[in-house]
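Chemist: Sequence first, predicted model second:
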Amino acid sequence: MTSVPAPGTPPAPVRQSRQQLVELLKAKTSEGAQELLARHETSIKELRAELGGVLRLPEGVALDSGDFNYEAPDDETMILNLGPNHPSTHGVLRVMAEIRGEQVLRTKPVVGYLHTGMEKTGEELMYHQGSTNVTRMDYLSPFFNETAYCLSVECLAGIEVPPRATWIRMLMCELNRIASHLLWLATNGADLGALNMMVYGWRDRELLLAFFEKVTGLRMNHNYVRPGGVAADLPDGWRDDVAAICDTVERRMDEYDRLLTGQPVFQERMDGVGALDAATAVSLGLSGPLLRSTGVAYDVRRDFPYLAYDEVDFDVMVGTNGDCWDRFAIRMAEIRESVKIVRQVAKAMPRGDYRAQDKKATPPPRNRIDESMEALILHFKLFTEGPRPPAGDAYVPTESPRGELGCYIVSDGSSRPYRLHMRTPSFANLQALAPMARGGFIPDLIACISSIDPVLGDVDR
Amino acid sequence: MSEAGEPLGGEQAQEPQGGDPALLHGCPVTEDRGHRTVHTDVERYLALMEALYQDGFEACMSVAGVDYLTHPGRSLPEGVQAERFEVVVELLSFSRKQRLRVRCQVPAANPELPSLFDLWPGSEAHEREAYDMFGIRFSDHPDLTRILMPEDWEGYPLRKDYVTARVPVQFKETPKP
């Protein structure tokens, strides 16, 4: 008697060949041409970029495949996939590398896993709602996103911001730079095996986040900087908090110098690793510590002063070798510079209003709404219709901890941006990975990714 | 910016005469809210960029697309024909501390213009993004594939005629409508 399966039992699984399984897996996970492909499937130009060659070729020189000294025939290499879920990728960065043994030959970052269409969302939100959107892009430096966006809106609408608001923005931005660099020290330590630094970095960042919470109500994604000023004045006793933060951070930086800078194992992992030259860095449009490590002294705060950076005294840190060690040293020094700026800002903080009293952009004060019908109507109109800057376009660059963060807004005269584009530093800086990683070992690739300091929210938006 | 001296390419820039806009390498220049902008079209684009590269704009900081389909009207200088798409390039000169914006008109019928990869390799990722979001093709680009959206995505999300509500979440293996 043949056995008949009882009703309700699942059918026997269809046996699939290994080849079928591979094909199925590929169809489910592959991003096709976005990935690093085998050499014979890649165009010569792309191959050159993946090998790290970016400089302009002399006139009349054409590439052919024989120009690449590969050191290895095609069948001795393999393509290694790293990420998108890997602790060293700081989020959902996927890096594909062609390796021979331990040595990295070609690299290509594959991004987009955190893309949430924030530029599209930005077109749907009114100008005064926009900060709450952009603050989530680079989630480690929210004040910079908000500031870039608001400066751009103010440039479009021609809003004059009172000095106190400008200086509050500067204070928060510099504290944010400290927090962001401290977190970088922490994750960089974790990537390179200095796990004690990871704990210390997170601990110290918490000091700053506690202050942000006191000022804005939130630890992250503050929506504090608004077109026309800031959302609220600084709380009572902020000077003491800021002074305590500055003293603590400065003291701890000396400790970290002893812990990391003087440690030979840590230095060995970064010294000479991922070196870039200035010409490559400039041609790739890099910015921030990555560009400054190659010796190009470009800092938006000094070269195109915004807010009131021309009224404070600070130094622009530059390196000479363009390697991971230089980038580490620059970020360490930038924390100290930011402390210097914060001290000056706390000392010179002007009195006055924390937002412009511009009837077209900022709501009337709270107590006026209780007394005056007109103020209530104005408040209602502003929040239902939003401010309407005249038609035009504006691009305002700022210096975020990762580099040049610019906000390009096209206005059509309505209350929503017609087009909102964020020029984000991580997105551009990630292009430096191929030249940095070429010829190094896989652990050096990790050090390179770490020293670029990509924030994937900033890359993918 | 003002202390950095003469604007780059100042020798080519002519003074406005009788209402004509100033020209830079044969392309009209406007000044709005403190930013200098050069307007161009697909034919003159590459020659203009070559000339600006020679002028000393070492870095290309950003390439972004804009779709002007539903825009009520923008002010463009004379000699520039408004088209549906625009590619906006932000150039930067470190040595002269100057910025320049280039706005290139790209027709909807054939949204294609030359890639800047050979001049500024850093434009590579930005051009891929503009392709991904607007479907503007960059000829001679080394790797013109989608960068932020999945490879098999249909449509160009930042175009103004892109219907956002049609497929709520388009993952792989989602049954096509």
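Modeler: Looks like it arrived, so ask away.

Chemist: if I pick the residue of chain B at minimum distance from chain A, what's in contact with it?
Modeler: Among the residues of chain B, residue B:122 lies closest to chain A, at 3.0 Å counting by CB to the nearest CB. All C-beta spots, glycine's among them, are computed from the backbone N, C-alpha and C. Counting by CB atoms under 8 Å, 6 or more residues apart in numbering or on different chains, residue B:122 touches A:54, A:283, A:284, A:285, A:286, A:428, A:431, B:59, B:60, B:61.

Chemist: Buried members of those residues into ChimeraX, please.
Modeler: Those of these that count as buried under 16 or more other CB atoms under 10 Å in any protein chain shown are selected in ChimeraX with:
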select /A:54,283,284,285,286,428,431 /B:59,60,61
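
Chemist: Which of the contacts of residue B:122 sits closest to residue A:23?
Modeler: Distance to residue A:23, by CB to CB, is smallest for residue A:431 among the contacts of residue B:122, at 32.2 Å.

Chemist: Tell me who's in contact with the closest one.
Modeler: Contacts of residue A:431 by CB under 8 Å, 6+ apart are A:284, A:285, A:286, B:121, B:122, B:124, B:125.

Chemist: Go again with 6 Å.
Modeler: A:284, B:125 (CB atoms under 6 Å, 6 or more residues apart in numbering or on different chains).

Chemist: On the three-state scheme, it is what?
Modeler: Secondary structure, DSSP: H, G, I helix; E, B strand; the rest coil: residue A:431 is helix.

Chemist: Near chain B, which residues of chain A? Just list them.
Modeler: For chain A, the residues in contact with chain B (CB under 6 Å from any CB of the partner chain) are A:31-34, A:45-46, A:49, A:54, A:112, A:115, A:120, A:155, A:282-285, A:298, A:303, A:392, A:394-395, A:408, A:410, A:412, A:418-419, A:421, A:423, A:431, A:460.

Chemist: May I have the residues that are in contact with residue A:309?
Modeler: Per CB under 6 Å, 6+ apart, neighbours of residue A:309: residue A:301.

Chemist: How many residues are close by the residue lying closest to residue A:416 once chain neighbours are set aside?
Modeler: Leaving aside its chain neighbours, residue A:416 sits nearest to residue A:126 (5.6 Å; criterion: CB to CB, 6 or more residues apart in numbering or on different chains). Using other CB atoms under 10 Å in any protein chain shown, residue A:126 has 17 other residues around it.

Chemist: what do you get for residue B:110?
Modeler: 9.

Chemist: Tell me the spacing between it and residue A:17.
Modeler: 46 Å (CB to CB, to the nearest Å).

Chemist: Residue A:189 touches residue A:198, doesn't it?
Modeler: Yes. Here residue A:189 reaches residue A:198: they are 4.9 Å apart, a contact under CB atoms under 6 Å.

Chemist: who's more crowded, those two?
Modeler: residue A:189 (22 against 19).

Chemist: how far does the helix or strand of chain B with the lowest mean pLDDT sit from the chain's center?
Modeler: When the helices and strands of chain B are compared on mean pLDDT, DSSP states H and E, strand B:22-24 comes out lowest with a mean of 81. Remark: strand B:22-24 is offset 18 Å from the chain centroid, using CA atoms, centre = their mean, to the nearest Å.

Chemist: swap in stretch A:94-102?
Modeler: On CA atoms, centre = their mean, the centre of stretch A:94-102 falls 24 Å from the chain's centre.

Chemist: burial count for the residue nearest to residue A:245 when sequence neighbours are not counted?
Modeler: If the residues on either side of it in the chain are set aside, residue A:245 comes closest to residue A:207, at 5.7 Å by CB to CB, 6+ apart. Residue A:207 has 18 neighbouring residues, counting by other CB under 10 Å.

Chemist: what does stretch A:77-95 rub up against?
Modeler: A:36, A:96-100, A:109-110, A:113-114, A:191, A:446, A:456.

Chemist: Which members of those residues are the farthest-apart pair?
Modeler: Every pair of those checked by CB to CB; the farthest is A:100 and A:114, at 31.0 Å.

Chemist: now the helices for chain B?
Modeler: Secondary structure of chain B (DSSP state H): helices at B:42-55, B:123-134.

Chemist: residues in contact with the last one?
Modeler: In this case it means helix B:123-134. Counting by CB under 6 Å, 6+ apart, residues outside helix B:123-134 touching it are A:431, B:60, B:62-63, B:65, B:115-117, B:136, B:138, B:141, B:144, B:146-149, B:156-159.

Chemist: so that helix versus helix B:42-55, what angle?
Modeler: Interaxial angle, helix B:123-134 versus helix B:42-55 (axes from the mean of the first three to the mean of the last three CA atoms, to 10 degrees): 150 degrees.
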